[in-house]
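K.L.:
need a structure here:
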Amino acid sequence: MTQKFTSDIIIGLEIHVELDTNSKLFCSCSTENTEEPNKHTCQVCLGHPGSKPVLNKQAVEFAIRLCLALNCRLNPKLIFSRKNYFYPDMAKNYQITQYEIPLGTGGKLSIANGKEIGIVRVHMEEDPASLVHLGSMETSPFVLVDYNRSGRPLCEVVTKPDMTGPDEARDFMKKLITVLNYIGIFDQNNCIIKADANVSIKESGYVRSEVKNITGFKEIERALRYEVERQKRDFKEGKRLILETRAWDSDKGITIRLRTKETEEDYGYILDPDLVVTEITEKWVGEVKKEMPELAQDKIQKFISKYKIDRIDAEVIAAERPLAEMFEEVAKKVNPQLAARWMRIELVRVMNYNEKTFDDIPVKSSHIIELLEMVEKREITDNVAKKIMERFMNEAFSPRAYAKEQGLKVVSDSSELEKVCRDVIRENPKAVEDVKAGNEKSLNFLIGQVMRRTKGQASPKELNEIIKKMIK
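P.N.:
Below you'll find the model as predicted:
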């Protein structure tokens, strides 16, 4: 039965995720990234006659994790096929993949607007080699092949055509990357994630183009926006849209026709006779489940119900597993709303400013707890706390000991504060008159003068009250 669409734009994704294993899918060659071409190769990944593939158990367990995280039904048998095609990126002229029975089917993943995107299948396959062009794909006089990537383990996630705009496709990619990071099967610094996007528009009767090899969730939105506009422009100009495969040129910001689109039947799939059927037993799945962490969507609900923080705060914090886990530790010791505000805004701000990740910073949850306890008890001002947070990016230290050593604790002696306020009022009669006339900026000026003389150790709220009282 043909699926009926009503949206102006229809988008489905085929996302290839490189699994973070130490060795390739069917041989012991390293998956380490290197600039030396064809270094990590052997008879198996180069397709030499007589060589036999051996399945990587860790890769299978990583794939099972992904299926579970995407709410897929796991098939009890893991069966591989040969996808036959002649192209230099696959030395043996076929790719080992799954066709007839994928590992997982019928999953789903919710995006930011609450919409559930259906997952048709999750299957395993080996990555082809890298093709290296001199300049652009169109103008390069030759193509070089680097087989280091050939045979690396991939999971392909195929969605239903449920997305109705490039923004939804981008958000799906962001949510998927969050899932991958949570379950520990993907390294953003070393592993590749690529998307093939199937896109069509209502005007053409949903004639589909597939845009190949888009890297990154920012690029996918950019590529799809161009492709949608191209299809609309071509249709308006009377050009006939056909089923085709196109490449995304990120430098030029355009898609380029590669060929008319093949159907799956064109590849002549056959079961791979060199790989036996692998049983996915309930016991094995149970063992994998034990290693699964609590996922982001579960943490969001827990943060809202248990810690009573805003949904936006919960979503931002849960988006990164290290941040979510640190927040939970901090929220046990200090007010959760205070912890959420400081960790979601200030900690993330200084990390982004310094271009740091959680792997780069030395600070631990104990340091954040100590800092926020001082903020909570008003032992230091917010400005002092922000400066300490900035120092955390390069070194770990006790905030309490540092504040004492640098004399940064709040001046709480009211007589001392009153003396400083009196001096500032006496020295700035014009500002005082402006305050009396209702000028709020002049009041802030006087508070700033006191803050400067106390080295930021006074509470702005308390100063506001003291100065207003003195002027009246």
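K.L.:
Next secondary structure element downstream of the longest helix anywhere in the chain?
P.N.:
The helix spanning the most residues in the chain, taking DSSP state H as the definition, is helix 217-236. Past helix 217-236, further along toward the C-terminus, the next helix or strand under DSSP states H and E is strand 244-249.
K.L.:
Can you give me the buried ones in that following strand?
P.N.:
Of the residues in strand 244-249, those buried by neighbour count under the rule 16 or more other CB atoms under 10 Å are 244-248. The C-beta positions use only the backbone N, C-alpha and C, and glycine is treated the same way.
K.L.:
Same list, those, but as JSON lines with pLDDT please.
P.N.:
Output for the buried residues of strand 244-249, formatted as JSON lines (pLDDT from 0 to 100):
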{"residue": "E244", "pLDDT": "93"}
{"residue": "T245", "pLDDT": "92"}
{"residue": "R246", "pLDDT": "94"}
{"residue": "A247", "pLDDT": "91"}
{"residue": "W248", "pLDDT": "92"}
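K.L.:
any idea which residue sits dead centre in this structure?
P.N.:
In the chain, the centroid-proximal residue (CA atoms, centre = their mean) is I177; its distance is 4.3 Å.
K.L.:
Please tell me I have it right and it contacts F217.
P.N.:
Yes. At 6.8 Å, I177 and F217 qualify as touching, with contact defined as CB atoms under 8 Å.
K.L.:
and which of the buried residues of strand 244-249 is nearest T454?
P.N.:
Distance ranking of those against T454, using CB to CB, places W248 first at 57.2 Å.
K.L.:
if I look at the closest one, how far off is V54?
P.N.:
Between W248 and V54 the distance is 35 Å, computed by CB to CB, to the nearest Å.
K.L.:
ok, now K115?
P.N.:
On the measure of CB to CB, K115 and V54 end up 41 Å apart.
K.L.:
SS state for V120?
P.N.:
At V120 the chain is in strand, as set by DSSP: H, G, I helix; E, B strand; the rest coil.
K.L.:
Wait, it touches E156, no?
P.N.:
No. Counting by CB under 8 Å, V120 stays clear of E156, with 10.3 Å between them.
K.L.:
now R82, nearest residue through space, not along the chain?
P.N.:
Closest residue to R82 in three dimensions, ignoring its sequence neighbours and counting by CB to CB, 6 or more residues apart in numbering: Y94, at 4.2 Å.
K.L.:
Next: I309.
P.N.:
Leaving out its chain neighbours, I309 is closest to A340 (CB to CB, 6+ apart), at 4.3 Å.
K.L.:
does the one you found count as helix, strand or coil?
P.N.:
Note that with three-state DSSP, the state of A340 is helix.
K.L.:
shouldn't it be in contact with I312?
P.N.:
No. Applying CB under 8 Å, one finds A340 not in contact with I312, separated by 9.7 Å.
K.L.:
hang on, P128 in a strand?
P.N.:
No. Assessed with three-state DSSP, P128 is coil; it does not lie in a strand.
K.L.:
show me where pLDDT drops low in the chain?
P.N.:
1-4, 261-265, 409-415, 455-456 (pLDDT under 70).
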